[in-house]
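S.K.: Please work out how this folds:
(chains A, B, C and D)
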Protein chains: 2
Amino acid sequence: MDSRKVSIRDVARAAGVSHQTVSRVINGHPRVTPDTRERVQQAVRDLGFRPSRTARALASGQVDAVTVLVSDTTLYGYGAALQGIEEAAREAGFSVGICFLASVAPETLAATVARVGDPSAGALIVVAWDQVGIRALQAVPAGVAVVALSEASALDARCPTIRLDDGAAAAHATRYLLGLGHRTVHHVAIPSSSGRSDRIRGWREALTDAGVPVPEPLHASWTPRSGYEAGRALAADPDVTAILCGNDDLALGVLRALHEAGRRVPEDVSVVGFDDVPQAAYYHPALTTVRQDFTGLGRDSFALLHGLLDPAGPRREPGAARPELIVRESSGPPKRRNTGEQS
Amino acid sequence: MDSRKVSIRDVARAAGVSHQTVSRVINGHPRVTPDTRERVQQAVRDLGFRPSRTARALASGQVDAVTVLVSDTTLYGYGAALQGIEEAAREAGFSVGICFLASVAPETLAATVARVGDPSAGALIVVAWDQVGIRALQAVPAGVAVVALSEASALDARCPTIRLDDGAAAAHATRYLLGLGHRTVHHVAIPSSSGRSDRIRGWREALTDAGVPVPEPLHASWTPRSGYEAGRALAADPDVTAILCGNDDLALGVLRALHEAGRRVPEDVSVVGFDDVPQAAYYHPALTTVRQDFTGLGRDSFALLHGLLDPAGPRREPGAARPELIVRESSGPPKRRNTGEQS
DNA sequence: CAGCATCAAGTGACCGGTCACATGATCACC
DNA sequence: GGTGATCATGTGACCGGTCACTTGATGCTG
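M.R.: Now for the predicted structure:
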């Protein structure tokens, strides 16, 4: 009756075979007579047998589990990547663990990573798009299978890595703004894992390629609040007509700061975000932004890990979509200054 | 050298004691001579021994792990609850697994829940604030420790439950709007697990208590888009001057629909949201909303589970904060109609 | 029909811990 | 000084699977 306490040996007894034969049947081993297989399967059903993952893991030495180390999933990109990992992992029969790094005290980070990164707890995927993630990656004990999600510009990859190359996308967005007629583009940057993020690099390259002045980027965090603060500074400068923001939350804060300062978007200032959160189309004004396929990136990172763990398994080609500029209402050609048109 | 392959017996040999003594030391058992303890600890350090969670789980029959079943963490409330659970669980030395129900096909839901809800995989916390969650809860096999997070109005609780009672908060927000002078308050509702959500109930009670007409609630999903669609319907009705939304994403969509229809907020229509997402203060206009302590709810649910698993352990009082109305810019007294003031 | 390969199934050790119980030493007390 | 309680530690079984090897039975070949 009770589905627990039923072991492979109980099933064996019920089916009149050895425990090893039961093991063969539940693992789909080919060398079993159809008749025997059926008897065992019947016994499995009758007794409600469920193999113990724990015992299997102990005996075989592999766990079919992956733990994701991520700083904070309330940030859209991180949450979406986690979702992608989880989906792909579940399809492959893996269980997925999680550890939020943001709530780990810095001094206990190494110990925490060592605990969740125990080999008996399975493999690791570290989302290393920020400093905490990078530090966590460095704290991973040797001998553990690990895959990282990192910025393209991050240097020495100690482990297999899925890179998020949004430098090209930042450059594209910047050229788009310049193409609208803006003299230059300002940048409100998210923190970077490497100190020199791809988004900053792409933005800078596009500006220098176009031969326009490169303003100092404003370094913010990820929150709307820090975007708001950066936005106030930018709003005070009448030369600012185009702002590329490191993510959509920053853009939201910038939008608000501009509004409070009486600068209209997009008439006076164009704003472009990054990520395309589900809310972006409903901001006021609807946000032009660079869509990124975080879910696909998550799936790819799991596929990479899976290939590592089981080199004989099916290869999966990376399937993450390339970043894409979504033009909405918050960007447009600059109005010539000191011209009194109708709004 | 290699931190793997070092077992409790290797340590025992190195320290000149029995494997059982090593077990006692690593578990902090009191009946060990300080001298012996020190020798063992030294050997542990020298060999880089790390106990295998798998082996411990198999032998002891307990796992110190919890899996969270949740529909979709990109929704703020769910993500924050998960974060709360994870923090509390990590503090207690539990590992945290996750399963996103939104990406599970309905016909495989039962099988998926049975798999992640395997007793050998630890206990379960099910976020049952919606239909998928409720169905998952029903699919949990017997004999598994499980705690649910549910709406207060959800009936038969088959398992220990942390209830989110936002009926009172909805009533409070509704009374607040009536108090500003609105003739009634319209409601855009999120889907409910029970068909009759607490938020709807609280809203309706506040209206009937005040003796004002009760409009038909508009049933939306969770997305800004569905809020937008509901908002268009409401914007077309000049009698609508106050809208209570089931969450902040809906409110964002409503805000946009009102704006497009030329109805000003809060001058023509007041909008109140639910949840207080981090972005709410930066919406345009800044959103009046009901803050909810999802993180606290998550912590409480884990504490409940932990108490269940280990009745001898320290009791933890529920610590989630009560919902709280945060008044910002999107709500205010209604302007008398057909009066041409200056904006 | 001997000889060998192949197949279906079984046997017992083993993974790395915990558990129940056994053992010998120390100590208190009458 | 014998008796029993308490303490520190050791012994071997056990959790529920997998692994390597063995055992009969059957089939193919020359």
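
S.K.: Count the neighbours of A:Leu149 for me.
M.R.: 28 (other C-beta atoms under 10 Å in any protein chain shown). (C-beta placed from N, C-alpha, C; glycine too.)

S.K.: tell me the secondary structure for it?
M.R.: strand (DSSP: H, G, I helix; E, B strand; the rest coil).

S.K.: quick one: low-confidence parts of the stretch 151-300 of chain A?
M.R.: A:155-156, A:195 (pLDDT under 70).

S.K.: can you rerun that using 90?
M.R.: Scanning the stretch 151-300 of chain A for pLDDT under 90 picks out the ranges A:151-158, A:164-166, A:192-198.

S.K.: Start from the N-terminal end of it and give the helices.
M.R.: Here the stretch 151-300 of chain A has its helices, by DSSP state H, counting those that start in this stretch, at A:167-179, A:198-210, A:224-235, A:248-260, A:294-309.

S.K.: Deepest-packed of the ones you listed, please.
M.R.: For these, the largest average neighbour count (mean count of other C-beta atoms under 10 Å in any protein chain shown) is found in helix A:248-260, namely a mean of 26.

S.K.: In terms of secondary structure, what does it contact?
M.R.: Using 3 or more C-beta pairs under 8 Å, 6 or more residues apart in numbering or on different chains; DSSP states H and E, the elements in contact with helix A:248-260 are strand A:186-189, helix A:224-235, strand A:242-245, strand A:270-275.

S.K.: Which stretch among the ones you listed approaches A:Asp46 most closely?
M.R.: strand A:270-275 (52.2 Å; C-beta to C-beta).

S.K.: The closest one and chain B, any residue contact?
M.R.: No. Judged by C-beta under 8 Å from any C-beta of the partner chain, strand A:270-275 stays clear of chain B, getting no closer than 11.7 Å.

S.K.: ditto for stretch A:299-310
M.R.: No. Between stretch A:299-310 and chain B, judged by C-beta under 8 Å from any C-beta, nothing touches; the nearest distance is 11.0 Å.

S.K.: who's in contact with stretch A:28-37?
M.R.: Residues outside stretch A:28-37 that contact it (C-beta atoms under 8 Å, 6 or more residues apart in numbering or on different chains): A:15, A:17, A:21, A:23-25, A:40.

S.K.: Kindly report the same for stretch A:309-325.
M.R.: Under C-beta under 8 Å, 6+ apart, the answer for stretch A:309-325 is A:62, A:123, A:145, A:162, A:166, A:168-169, A:172-173, A:176, A:272, A:288-293, A:296-297, A:299-300, A:303, A:306-307.

S.K.: got the contacts of stretch A:28-37 as JSON lines, with neighbour count columns?
M.R.: As requested, the contacts of stretch A:28-37 are arranged in JSON lines below (neighbours: other C-beta atoms under 10 Å in any protein chain shown):
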{"residue": "A:Ala15", "neighbour count": "22"}
{"residue": "A:Val17", "neighbour count": "19"}
{"residue": "A:Thr21", "neighbour count": "22"}
{"residue": "A:Ser23", "neighbour count": "17"}
{"residue": "A:Arg24", "neighbour count": "18"}
{"residue": "A:Val25", "neighbour count": "23"}
{"residue": "A:Val40", "neighbour count": "25"}
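
S.K.: Just the strands from chain A, written as ranges.
M.R.: For chain A, the strands defined by DSSP state E occupy A:65-70, A:95-100, A:123-128, A:146-151, A:161-164, A:186-189, A:218-219, A:242-245, A:270-275, A:288-291, A:324-326.

S.K.: what's the most buried one of those strands?
M.R.: Scoring the strands of chain A by mean neighbour count under mean count of other C-beta under 10 Å gives strand A:242-245 as the most buried, with a mean of 30.

S.K.: List, one by one, the residues from the stretch 151-300 of chain A near chain B.
M.R.: Residues of the stretch 151-300 of chain A lying near chain B (C-beta under 8 Å from any C-beta): A:223-225, A:227-228, A:249, A:252-253, A:255-256, A:259, A:278-279, A:281-284, A:286.

S.K.: picking up where we left off before, so which of the strands of chain A comes closest to A:Thr112?
M.R.: strand A:95-100 (6.8 Å).

S.K.: Contacts made by that closest one with the rest, please.
M.R.: Under the contact criterion C-beta under 8 Å, 6+ apart, strand A:95-100 has outside partners A:53, A:64-73, A:82, A:85-86, A:89-90, A:112-113, A:116, A:121-122, B:67, B:82-83, B:86-87, B:90, B:95-99, B:116, B:121.

S.K.: Show me how far it is from its chain's centre.
M.R.: 14 Å (C-alpha atoms, centre = their mean, to the nearest Å).

S.K.: Kindly report the same for stretch A:76-91.
M.R.: That offset, for stretch A:76-91, works out to 7 Å (C-alpha atoms, centre = their mean).

S.K.: The residue nearest the centre of chain A and chain B, how far apart?
M.R.: Of all residues in chain A, the one closest to the mean position by C-alpha atoms, centre = their mean is A:Ala81, 3.2 Å from it. Distance, A:Ala81 to chain B, by C-beta to the nearest C-beta, to the nearest Å: 11 Å.

S.K.: dump the residue contacts of the spatially closest residue to that residue that is not a sequence neighbour.
M.R.: Distance criterion C-beta to C-beta, 6 or more residues apart in numbering or on different chains; nearest residue to A:Ala81, sequence neighbours excluded, is A:Gly298 at 4.0 Å. Going by C-beta under 8 Å, 6+ apart, A:Gly298 touches A:80-88, A:149.

S.K.: how about 6 Å then?
M.R.: The contact partners of A:Gly298, by C-beta atoms under 6 Å, 6 or more residues apart in numbering or on different chains, come to A:81, A:84-85.

S.K.: Include pLDDT when you put the residues you listed into TSV, please.
M.R.: Listed next are these as TSV, based on pLDDT from 0 to 100:
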residue	pLDDT
A:Ala81	97
A:Gly84	97
A:Ile85	98
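
S.K.: for those, which one is nearest A:Pro106?
M.R.: Closest to A:Pro106, out of all of the contacts of A:Gly298 and judged by C-beta to C-beta, is A:Ala81, at 22.9 Å.

S.K.: was I right about that closest one contacting A:Phe294?
M.R.: Yes. Using C-beta atoms under 6 Å, A:Ala81 is in contact with A:Phe294, at 4.5 Å.

S.K.: anything in contact with each of those two?
M.R.: The contact sets of A:Ala81 and A:Phe294 do not overlap (C-beta under 6 Å, 6+ apart).

S.K.: and A:Pro318, what pLDDT?
M.R.: In this model, A:Pro318 is scored at 83, pLDDT.

S.K.: Quick check: it vs A:Asp165, distance?
M.R.: Noted for A:Pro318: a distance of 12 Å to A:Asp165, by C-beta to C-beta, to the nearest Å.

S.K.: coming back round to it: relative to DNA strand C, which of the strands of chain A is closest?
M.R.: strand A:65-70 (16.2 Å; C-beta to the nearest atom of the strand).

S.K.: strand partners of that closest one, parallel vs antiparallel please.
M.R.: Paired neighbours of strand A:65-70 in the sheet (DSSP bridges): strand A:95-100 (parallel), strand A:123-128 (parallel).

S.K.: and the angle for the first one with helix A:294-309?
M.R.: Counting by axes from the mean of the first three to the mean of the last three C-alpha atoms, to 10 degrees, strand A:95-100 points 120 degrees away from the direction of helix A:294-309.

S.K.: I'd like the average pLDDT over strand A:95-100.
M.R.: Average pLDDT, strand A:95-100: 96.
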